[in-house]
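Trainee: fold the following and give me the result.
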Amino acid sequence: MADREADFLLIGGYASAHSAATLRREGADGSILLVGREPHVPYERPPLSKEFLRGEAAEENTYVNSPEWYGENDVELLTETNVMSLDVGERTAKLQSGEQVRFGKALIATGARVNILHHLDGAQLEGIHYLRTIGNSEAIREDAKEAGHVVLIGGSFIGCEVAASLTAIGVKCTVVMLEDVTFERVFGTEPGRYFHDVLTSHGIEVLGGQELESFVGDGRVRAIRTKGGREIECGAVVIGAGVHPETTLAERAGIAVENGITCDKRLETSVDGIFAAGDVCSYDSVIHGRRLRVEHWDVGLQQGQHAAKAMMGAEAPYRVVPYFFSDLADWASLEYVGPAQRWDELVWRGTPDSGEFLVWYLDGGKVAAALSVDRSEDLEHARRLLESGADVSGKKDALADVGSDLEHIG
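Mentor: Below you'll find the predicted structure:
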């Protein structure tokens, strides 16, 4: 006999917290148990490389729901608790305490884990940081103050955001990356150059085309060495080498997994009544016509909400166009809808020199993505054109004209 029972078992933090809120908002009156492995109530991760890292926001400012909300809405919250296994046939979950939970519907939102560079010499030295949790962000902030010089490994979101935040609070930073230009892999060379120049103009050294070989130090890191032979002295290192979806629980339960937990267009897994959301969810996108897994804050929010409605019986497919944002201190902000798997043409609406532009990513004459810097008003049109799959190849002049009305395109 199970020790606990829950109509809705929500496993994970951020997406699960949004799912719990949606269940109650939509009128679900069954019991809800939210189980998360972190010691904090569920929180948002974007501030960890931005305002929280800079000391401009308190921990409670990152919470999805206040600590009181869970009791007030009859949601049982277990923090610092792992779900060790799922028996999908018996509809039971085993917690690390040994307790058994019998559940009706479940959401797996176990997120992702950072890629740790264990294989490199010196990887165990003190002063080498990865950013995923509130504790990581606090440790980076405190260590950076004493380090004098921090090396960031990686030229995408984490590396660039942390470099900007630390520089804004007076820490010298160097970004070391494989690509030649920041954000090049995500946005392409020319759009990426805009952000590259923003960083260097604020005193950040950016070293492209450099592959990390090892960490140098005795007990504590004092330098990094690249495969090209460069040795860069530093007092701390922050690594942004990407993440991988945390699928272990699903795999052990026999749920289909392929680059994430395999889900249908409703976000339901290969097992009826069990859903997935957030970084771990590889879903059948009706918008993109392909399987998609997206690691970003808004997707976790939207999928958590959609999964809640699906658990309540809604049949509608998940069809939200993925949205991304990033801030480099208060120097530059970007918004992006997509993501583009590939593109064969860029159309600029505005110019980088003005600091206000939108880049259309076209693939075969159709909008595959759009990158906005201070042109948020264009994003809804970008979403519409991406979702509709309209051929805009004959309307590129209108797409590029800052003064044109995008409402009638497509």
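Trainee: only C-alpha atoms for contact and neighbour calcs from this point on.
Mentor: Will do.
Trainee: Ala368 is in contact with Trp343, isn't it?
Mentor: Yes: between Ala368 and Trp343 there is a contact under Cα atoms under 8 Å: 7.0 Å.
Trainee: got any residues that touch both of these two?
Mentor: Tyr361, Leu362 (Cα atoms under 8 Å, 6 or more residues apart in numbering).
Trainee: which of these two has more residues huddled nearby?
Mentor: Ala368 (25 against 17; other Cα atoms under 10 Å).
Trainee: how confident was the prediction at the more buried one?
Mentor: Per-residue confidence at Ala368 stands at 97 (pLDDT).
Trainee: what sits against the closest residue to it other than its chain neighbours?
Mentor: Sequence neighbours aside, Ala340 is the residue nearest to Ala368 in space, at 5.0 Å (criterion: Cα to Cα, 6 or more residues apart in numbering). Contacts for Ala340 (Cα under 8 Å, 6+ apart) come out as Tyr361, Ala368, Ala369.
Trainee: what lies in contact with the host helix or strand of the first one?
Mentor: Read it as Tyr361. Assigned by DSSP states H and E, Tyr361 belongs to strand 356-363. Contact with strand 356-363 is made by 191, 340, 342-351, 367-375, 378, 399, as judged by Cα under 8 Å, 6+ apart.
Trainee: partner strands of it and their direction?
Mentor: strand 345-351 (antiparallel), strand 366-373 (antiparallel) (DSSP bridges).
Trainee: buried sites along stretch 61-78?
Mentor: Neighbour counts over stretch 61-78 (16 or more other Cα atoms under 10 Å) mark Thr62, Tyr63, Val64, Asn65, Tyr70, Val75, Glu76, Leu77, Leu78 as buried.
Trainee: so which of those belong to strands?
Mentor: Val75, Glu76, Leu77, Leu78 (DSSP state E).
Trainee: so where's the stretch 51-200 of the chain uncertain?
Mentor: Within the stretch 51-200 of the chain, no stretch has pLDDT under 70.
Trainee: which residue ranges form the strands in it?
Mentor: All strands of the stretch 51-200 of the chain, identified by DSSP state E, counting those that start in this stretch, fall at 75-78, 83-87, 92-95, 100-109, 112-114, 128-130, 149-153, 172-176.
Trainee: identify whichever of those strands lies nearest to Gly242.
Mentor: Closest approach to Gly242 among these is made by strand 112-114 (6.0 Å; Cα to Cα).
Trainee: state the distance from the residue nearest to Leu78 when sequence neighbours are not counted to Gly273.
Mentor: Excluding the flanking residues, the one nearest Leu78 by Cα to Cα, 6+ apart is Val35, at 4.8 Å. Going from Val35 to Gly273 by Cα to Cα, to the nearest Å gives 18 Å.
Trainee: ok, the two, which is more surrounded?
Mentor: Neighbour totals were compared for Val35 and Gly273, and Val35 leads with 24 against 18 (other Cα under 10 Å).
Trainee: show me what the more buried one is bridged to.
Mentor: The bridge-partner assignment for Val35, based on DSSP bridges, gives Ile11, Leu78.
Trainee: the strands in the stretch 251-400 of the chain, which residues?
Mentor: Under DSSP E, counting those that start in this stretch, the stretch 251-400 of the chain gives strands at 261-263, 274-276, 281-285, 290-292, 323-328, 332-337, 345-351, 356-363, 366-373.
Trainee: can you dump the C-alpha atoms of the last one in CSV for me?
Mentor: Taking Å, rounded to 0.1, in the frame of the first residue of the first chain, the C-alpha atoms of strand 366-373 are listed here in CSV:
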residue,chain,number,x,y,z
LYS,A,366,9.7,31.2,-45.2
VAL,A,367,10.4,32.8,-41.8
ALA,A,368,12.4,30.4,-39.7
ALA,A,369,13.2,32.8,-36.8
ALA,A,370,13.6,36.4,-35.9
LEU,A,371,16.1,38.2,-33.7
SER,A,372,15.1,41.6,-32.2
VAL,A,373,17.1,44.2,-30.5
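Trainee: give me the contact list for it.
Mentor: So strand 366-373 is contacted by 187, 332-343, 355-362, 378-379, 382, 385-386, 389-393 (Cα under 8 Å, 6+ apart).
Trainee: could you rerun that using 7 Å?
Mentor: 333-340, 355-362, 382, 385-386, 389-393 (Cα atoms under 7 Å, 6 or more residues apart in numbering).
Trainee: ok, now the second one?
Mentor: Under the contact criterion Cα under 7 Å, 6+ apart, strand 274-276 has outside partners Lys105, Ala106, Leu107, Ile108, Ala109, Ile261, Leu267, Glu268, Thr269, Ala307.
Trainee: which non-adjacent residue is nearest Ala112?
Mentor: Pro245 (4.1 Å).
Trainee: repeat for Gly155
Mentor: Nearest non-adjacent residue to Gly155 (Cα to Cα, 6+ apart): Thr182, at 4.8 Å.
Trainee: quick check on that neighbour: phi, psi?
Mentor: Phi and psi for Thr182, reported as degrees, to the nearest 10, are phi -60, psi 150.
Trainee: so it touches Ser156, yeah?
Mentor: Yes: at 6.1 Å, Thr182 counts as touching Ser156 under the criterion of Cα atoms under 7 Å.
Trainee: just the buried residues of the contacts of strand 366-373.
Mentor: Buried, going by 16+ other Cα under 10 Å: 334-340, 357-362, 382, 385-386, 391-392, out of those.
Trainee: surely Ile287 touches Glu387?
Mentor: Yes: using Cα under 7 Å, Ile287 is in contact with Glu387, at 5.5 Å.
Trainee: list the residues that contact the residue nearest the centre of the chain.
Mentor: Central residue of the chain (Cα atoms, centre = their mean): His296, 2.7 Å from the mean position. Contacts of His296 were listed using Cα under 7 Å, 6+ apart, and they are Phe324.
Trainee: got a list of what the closest residue to Tyr43 other than its chain neighbours touches?
Mentor: Excluding the flanking residues, the one nearest Tyr43 by Cα to Cα, 6+ apart is Tyr63, at 4.1 Å. Tyr63 makes contacts with Val41, Pro42, Tyr43, Glu44, as judged by Cα under 7 Å, 6+ apart.
Trainee: what's the spacing between Tyr63 and Pro322?
Mentor: Relative to Pro322, Tyr63 is positioned 22 Å away (Cα to Cα).
Trainee: between the two ends of stretch 265-279, how far is it?
Mentor: Rule used - Cα to Cα; the end-to-end distance of stretch 265-279 is 16 Å.
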